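1. Would you be able to build a 3D model of this:
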Amino acid sequence: MDWTKQYIGKVKLDPNWRQEYERKKISAEEAVRKVKSGDNVVCPIGRDPLALCLALASRKEELRGVHIFMGSPTVDFGWWDVGWEDSFMVKIGFAASGGVASDHLAQRRGDAVIGGLCITGKLPDKWDADVLFVEVSPPDGDGFCSFGASVYDKRHWVAKAKLVLAEVNDRLIRTCGDNFVHVSQIDYFVEHPHTGRKPGEVRLDGKPLTAVTEEQKQICAYVTTLIHDGDTIQVGQGSTSETLIRAGLLDDRCDIGWHSEVTPAGIIRLVRAGVITGKYKTLDRGKAVATAIGGGTTEDMSFVHMNPMFELRDIEYTHDPRTIGALDNMVTINNALEVDLTGQVNAESMGPQMLSGAGGLLAFSIGSYLSKNGRFIIVFPSTAKDGAISRIVPMLRCGSKITVPHTLADIVVTEYGIARLRGKSQRERAEELTVVARPDFRDDLKKTARELYWP
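-> Predicted coordinates for the structure are as follows:
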């Protein structure tokens, strides 16, 4: 039986849905004419709906005070430029460092949404959506569309929005899990303009893969010792964390489980190779679970398409610490910008300037803490700016965000080794972290630690 059959009855199904679908087809220009000045427009995390966003940007001179929420912007539609603020006021959920919205945030012409546990049902009423832009596949035989390679909170916004505009992309994959929306739940459909780009292995922020560095290989060698056969793994976005998969992090392991936000390059290969099986998962056994699939080739995505081993689930499931904590032997591996000597983790900003977002870092740190034999691992090279700045710092600078508090600190890994922080005092943590800092900075760190934590 087709997987969507189990959901029949949860939406109002019309046997004449095909006529309804054809009746709802309009051009992108017609669709965005329904956006009014002062409206709240939501583009959830995932692929930006190109036709809808471009058509909306073309109305710059007509519209005033349109509030746009971009979950994870990757395309320059113009509204990031100086002088567009009167027409479009943009909030950003997760802005990749160096991405299209970086200058927009740095110059404080836009706003950054504070992330955390990603429980969308807890959002206040001010997050009401007048119009939702979302990308979907064409409907299947029962009138269900797929959200393709990313679900996140899209079903939440479909249910909440007053008007749902869907951009139909016939290249999107279908998956099992929560990856569906019915024709009857969408107000209008527009055609997606194909750009000719085909899937290929890329970083999770869409940038080309870079060669694995010697530092990353050394970090991988340390982290591998912390992972056991049968563990369930999460790997977050980041220049070091997601590179570890290509560096061979899991290649010599057996029956690994997967429960994550995303799938970095190399994960689908490990499923195909039988390394990731989910055999010992205490929840969703035999399933590779995420809210988004990324970093794969065309062949990889074809393998995921309707493969019952893969489930894309709502973010309220994948990021719920109670779900994560129900998985025994949960190992979470994530990037950060810096860690202070007490174990506070900053993964978002340098001072008050936002460079990224919290993503699932807090949720997965709590979940791994709740998990039986769980481990929460932060990975990064010991320095930034070609060795000029230590990522292990005495204290976070004024205005820097505390993405994960010191109360959840567990393991920090650099190219110099493993610092184990859980259950240790301030002095003990300072000593552990100083050892994995770059040697050039250790004396200053020791001196400052003495001033801070010793009489």
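2. which residues sit in contact with Lys279?
-> Gly230, Asp255, Gly257, Arg285, Gly286 (Cβ atoms under 8 Å, 6 or more residues apart in numbering). In this view, the C-beta of every residue, glycine as well, is placed from N, C-alpha and C.
3. One more: Glu135?
-> Gly46, Arg47, Pro49, Phe147, Gly148, Ala166, Glu167, Asn169, Leu172, His192.
4. What is the neighbour count of the nearest residue to the last one once chain neighbours are set aside?
-> Just to be clear, that refers to His192. In space, and not counting its chain neighbours, His192 is closest to Asn169: 3.9 Å by Cβ to Cβ, 6 or more residues apart in numbering. Applying other Cβ atoms under 10 Å, we find 21 residues neighbouring Asn169.
5. mind listing what Asn169 touches?
-> Arg47, Glu135, Val136, Ser137, Gly148, His192, His194.
6. on that earlier part again, who wins for neighbours among the contacts of Glu135?
-> Neighbour max across these (other Cβ under 10 Å) = Phe147, 29 neighbours.
7. Was I right to think that one contacts Val181?
-> Yes: with contact defined as Cβ atoms under 8 Å, Phe147 and Val181 form a contacting pair (6.9 Å).
8. and which of the contacts of Asn169 is nearest to Val404?
-> Distance to Val404, by Cβ to Cβ, is smallest for Arg47 among the contacts of Asn169, at 28.4 Å.
9. Helix, strand, or coil at that closest one?
-> coil (DSSP: H, G, I helix; E, B strand; the rest coil).
10. In three-state terms, how would the nearest residue to it once chain neighbours are set aside be classified?
-> Closest residue to Arg47 apart from its sequence neighbours, by Cβ to Cβ, 6+ apart: Glu135 at 5.2 Å. With three-state DSSP as the basis, Glu135 sits in strand.
11. confidence score at Glu135?
-> We have a pLDDT of 97 for Glu135.
12. still on that earlier bit, just the closest of the contacts of Lys279 to Gln344, please.
-> When the contacts of Lys279 are compared against Gln344 (criterion: Cβ to Cβ), the nearest one is Gly257, at 29.3 Å.
13. Any figure for the gap between Gly357 and Thr240?
-> 17 Å (Cβ to Cβ, to the nearest Å).
14. swap that for Asp14, please
-> The value you get for Asp14 to Thr240, if Cβ to Cβ is used, is 50 Å.
15. out of those two, which sits in the busier spot?
-> Thr240 (25 against 13).
16. per-residue pLDDT, the more buried one?
-> So, for Thr240, pLDDT stands at 95.
17. Quick check: phi and psi on it?
-> phi -100, psi -50 (degrees, to the nearest 10).
18. roughly how far apart are it and Pro381?
-> For Thr240, the distance to Pro381 - Cβ to Cβ - is 7 Å.
19. Between those two, which contacts overlap?
-> Common neighbours of Thr240 and Pro381 (Cβ under 8 Å, 6+ apart) are Gln216, Ile219.
20. Low-confidence stretches in the stretch 101-250 of the chain?
-> Within the stretch 101-250 of the chain, the segments meeting pLDDT under 70 span 118-126, 195-206.
21. Please identify every residue contacting each of Phe147 and Val181.
-> What both Phe147 and Val181 touch, as defined by Cβ under 8 Å, 6+ apart, is the set Val136, Lys154, Arg155.
22. So the last one: helix, strand or coil?
-> So the one you mean is Arg155. helix.
23. surely it meets Val181?
-> Yes: counting by Cβ under 8 Å, Arg155 touches Val181, with 6.5 Å between them.
24. who has more neighbours, the two?
-> The neighbour comparison of Arg155 against Val181 (other Cβ under 10 Å) goes to Val181, with 26 against 21.
25. Please list all residues in contact with the more buried one.
-> Taking Cβ under 8 Å, 6+ apart as the test, what Val181 contacts is Val136, Phe144, Cys145, Phe147, Lys154, Arg155, Val158, Ala166.
26. wait, which of those residues is closest to Ala347?
-> Lys154 (24.3 Å).
27. I figured that closest one was touching Pro49, is that so?
-> No: using Cβ under 8 Å, Lys154 is not in contact with Pro49; the gap is 11.3 Å.
28. Between the two, which contacts overlap?
-> In contact with both Lys154 and Pro49: Val134, using Cβ under 8 Å, 6+ apart.
29. Tyr67 belongs to a strand, doesn't it?
-> Careful, residue 67 is His; it's not Tyr. Yes: counting by three-state DSSP, His67 is located in a strand.
30. so what's it closest to, chain neighbours aside?
-> Using Cβ to Cβ, 6+ apart, the closest residue to His67 is Asn40 (4.8 Å).
31. is it true that Asp128 touches Asn40?
-> Yes: with contact defined as Cβ under 8 Å, Asp128 reaches Asn40; the gap is 6.3 Å.
32. more crowded one of those two?
-> Legend: neighbour count by other Cβ under 10 Å for Asp128 and Asn40, higher for Asn40 (20 against 12).
33. how much space between the more buried one and Thr407?
-> 36 Å.
34. ok, now Arg246?
-> Taken as Cβ to Cβ, the span from Arg246 to Thr407 is 33 Å.
35. Leaving out sequence neighbours, find the closest residue to Ser239.
-> Nearest to Ser239 is Asn335, by Cβ to Cβ, 6+ apart, at 6.8 Å.
36. What of Pro405?
-> Gln344 (6.4 Å).
37. repeat for Ile26
-> Tyr188 (5.3 Å).
38. For the stretch 1-150 of the chain, which segments are assigned as strands?
-> Secondary structure of the stretch 1-150 of the chain (DSSP state E, counting those that start in this stretch): strands at 40-43, 66-70, 88-92, 111-112, 131-136, 144-145.
39. Quick one: residues contacting Glu415.
-> So Glu415 contacts Glu214, Glu215, Gln216, Gln218, Ile219, Pro381, Ser382 (Cβ under 8 Å, 6+ apart).
40. List the neighbours of stretch 47-63 that are in contact with it.
-> 28-29, 31-33, 35-37, 41, 43, 66, 70, 73-75, 77-79, 84, 87-88, 133-135, 148-150, 165, 167, 169, 190-193, 195.
41. cool, and stretch 221-230?
-> So stretch 221-230 is contacted by 233, 244, 248-250, 252-257, 279-280, 329, 331, 333, 375, 377, 379, 411, 413, 417-418 (Cβ under 8 Å, 6+ apart).
42. Out of those, name the ones that lie in helices.
-> Leu244 (DSSP state H).
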